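here's my sequence, what's the structure:
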Amino acid sequence: PGVQSAFHRLALGIGLTPQNCKSAPRCPCRYFAVGFNKPPASDVGGGSGNSKIYVSHRSPLLIRLVALVLVPLGLSAATLSSEIDRHLAQKAGGPLAPLATDAEFLRRAWLDFTGVIPTPAEARAFAADKNPQKRAQLIDRLLAGPQFPQRMEDAITVMLLERRGGGKIPEAKWREWLRSQFAANRPWNAIVHDLVLIEGDPKTTPAAKFMVDADKFDQEKATHAIARLFLGMNLQCAQCHDHPTVDDFTQASFYGIYAFLAQSSVKEDKVAKVTVLAEGVATNKVEFESVFKKVKRFTGPQLPGGKEVPIPTFAKGEEFEVMPVKNGNPGVPKFRARPQLADELSSEANERFARTSANRFWFHLMGRGLVHPLDMMHSDNPPSHPELLALLAREFASHKFDVKWLLREIALSEAYQRASRAPSGTDLSQVPPESYRIANLKFLSPEQLGRATMLATGAADWLPKTASEAPAAAAVASGDDNEEDGG
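Model prediction:
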């Protein structure tokens, strides 16, 4: 499959028509059989046996020459999208649904990547387009369009803030900042790094809304949020004792994260008239004990599965890089645990962060995590497809946590483009959602439902006039899109 995918990409550059091998008579895959123990009788490549590759004597000279280069590459030429399909097919346990119709795919892609439905003009144009690459082209266009940052802003705001309101940071300021991160395609780990580090006045710094949107910094609440959202660990039960049913979720896991934040607090610099999330001097490990076992235990800063960070000692008076000033700058200690947390948590070497992040973005498009629930990633709740999740995490990290790249690869897979109706005669009770044999149904978010309804009913002018939404509103109001046929 890897070599086959490579020939599809090669075909774009030599004027052939890369499409499904069965319907593209000039696709170069026609001349290669991947996965058969003997040359196939037909011209169609494919299969799922071994990785022998046969070059027909009818193969054009160019194709045969290219084979000399690509064949030694083996599966290294495989795209992530093709690997997604291979992994899911291996554990499908039954027939897969066919690809969704163009209409179903178009609506799905628009809602997932823009948060709105396509206009009637968009729907007609897509239906009439005979280009076999039109789905990939649509995905690329939506990812590059001005509505994608708005969609991600909506989705990530719900994920991080969980619809809590209020606070010191105006929601509009937070949303503008988050939208700008996705508009610039900043790496996901860089965004998370900023959310944890919080440089600047927490009353005015947009990223502070995630953890410090109040007069006081709640270290325990921040610990829970970091564990759940970035490490896939719901440690609610592990704050007071080891989790009663999940052996992996220990009290030490909670306090190891907490220790990175224990010295952080909101301080006023009355001289500069600013607020800072300052750190005090750490001198000892964090002490904790179970409500069931009255035994005192201690831990320094430590991420689950990581190494404990040693707390250095300094002579009295030498603890600070920047000395505190009375009623002014609270000072900057030489040892600061929170920046280390931001670095370690978002590091490419943090496999748990990469797995959790990949799982959440997979959920965003596929309607279900490979680990589900998303914050219950532990050994008794393994991924439905462990090798696939490991691959997604590894590739996401190796591509510098490029969200657009990851979402594009998922969307190019047949799994994403699969119909939501099962093949005729399928017993739906035998099709678990984790098999991904059919497209899992996804509820519309309030934002998606509201915008889609307003666009469909011609009320686009009532939508907020952000830069990302203006093109959709203008499109609905133009040309023959006011027809009542619904597109």
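
from here on, contacts and neighbour counts on C-alpha atoms
Noted.

tell me which residues touch residue 249, please.
233-235, 238, 242-243, 378 (C-alpha atoms under 8 Å, 6 or more residues apart in numbering).

so it: helix, strand or coil?
What DSSP: H, G, I helix; E, B strand; the rest coil gives for residue 249 is coil.

returning to that earlier point: same list (the contacts of residue 249) but as TSV, adding secondary structure.
Formatted as TSV, these follow (three-state DSSP):
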residue	secondary structure
233	strand
234	coil
235	coil
238	helix
242	coil
243	coil
378	strand
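
adding pLDDT, distance to residue 175 and neighbour count, write those residues out as TSV.
Below are the contacts of residue 249 laid out as TSV (pLDDT from 0 to 100; distance: C-alpha to C-alpha, whole Å; neighbours: other C-alpha atoms under 10 Å):
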residue	pLDDT	distance to residue 175	neighbour count
233	98	26	25
234	98	26	22
235	98	28	25
238	96	32	22
242	96	37	21
243	97	35	17
378	98	32	16
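
so which of these comes closest to residue 371?
residue 378 (8.9 Å; C-alpha to C-alpha).

the closest one bridge partners, please.
residue 381 (DSSP bridges).

distance of it relative to residue 362?
18 Å (C-alpha to C-alpha, to the nearest Å).

one more: residue 96?
19 Å.

what's the answer for residue 353, then?
Residue 353 is 14 Å from residue 362, by C-alpha to C-alpha.

now the helices for the stretch 51-200 of the chain?
61-70, 80-90, 102-114, 120-128, 134-144, 147-161, 171-183, 188-197 (DSSP state H, counting those that start in this stretch).

need the ones you listed in TSV (columns: distance to residue 416).
Output for the helices of the stretch 51-200 of the chain, formatted as TSV (distance: least, C-alpha to C-alpha, whole Å):
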stretch	distance to residue 416
helix 61-70	27
helix 80-90	9
helix 102-114	9
helix 120-128	18
helix 134-144	12
helix 147-161	18
helix 171-183	22
helix 188-197	22
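
closest to residue 271 out of those?
helix 188-197 (23.3 Å).

and the contacts of the closest one?
181, 207-208, 210-211, 338-339, 341-343, 345-347, 401-403.

so how far is that helix off the chain centroid?
Taking C-alpha atoms, centre = their mean, to the nearest Å, the mean C-alpha location of helix 188-197 is offset from the chain mean by 14 Å.

ok, for the spatially most central residue of the chain, nearest residue in space, not its chain neighbours?
With distances taken as C-alpha atoms, centre = their mean, residue 361 lies nearest the centre of the chain, 2.5 Å away. Leaving aside its chain neighbours, residue 361 sits nearest to residue 407 (7.2 Å; criterion: C-alpha to C-alpha, 6 or more residues apart in numbering).

what is the helix or strand hosting the one you found packed up against?
Element membership of residue 407 [criterion: DSSP states H and E] is helix 403-412. Applying 3 or more C-alpha pairs under 8 Å, 6 or more residues apart in numbering; DSSP states H and E, we find helix 403-412 packed against helix 80-90, helix 134-144, helix 351-366.

can you pull out the helices in the stretch 201-350 of the chain?
Under DSSP H, counting those that start in this stretch, the stretch 201-350 of the chain gives helices at 219-231, 251-261, 337-345.

now do the longest one against helix 188-197, angle only.
An angle of 180 degrees separates the directions of helix 219-231 and helix 188-197 when computed by axes from the mean of the first three to the mean of the last three C-alpha atoms, to 10 degrees.

begin at 46, not 1, for the rest of this chat.
Understood, numbering begins at 46; the last thing we discussed is helix 264-276.

next, the angle helix 382-390 makes with helix 264-276.
Going by the same axes, to 10 degrees, helix 264-276 makes 10 degrees with helix 382-390.

now the second one
Between the axes of helix 296-306 and helix 382-390, defined by the same axes, to 10 degrees, the angle is 120 degrees.

of the helices and strands packed on helix 448-457, which is nearest residue 219?
helix 396-411 (20.7 Å).
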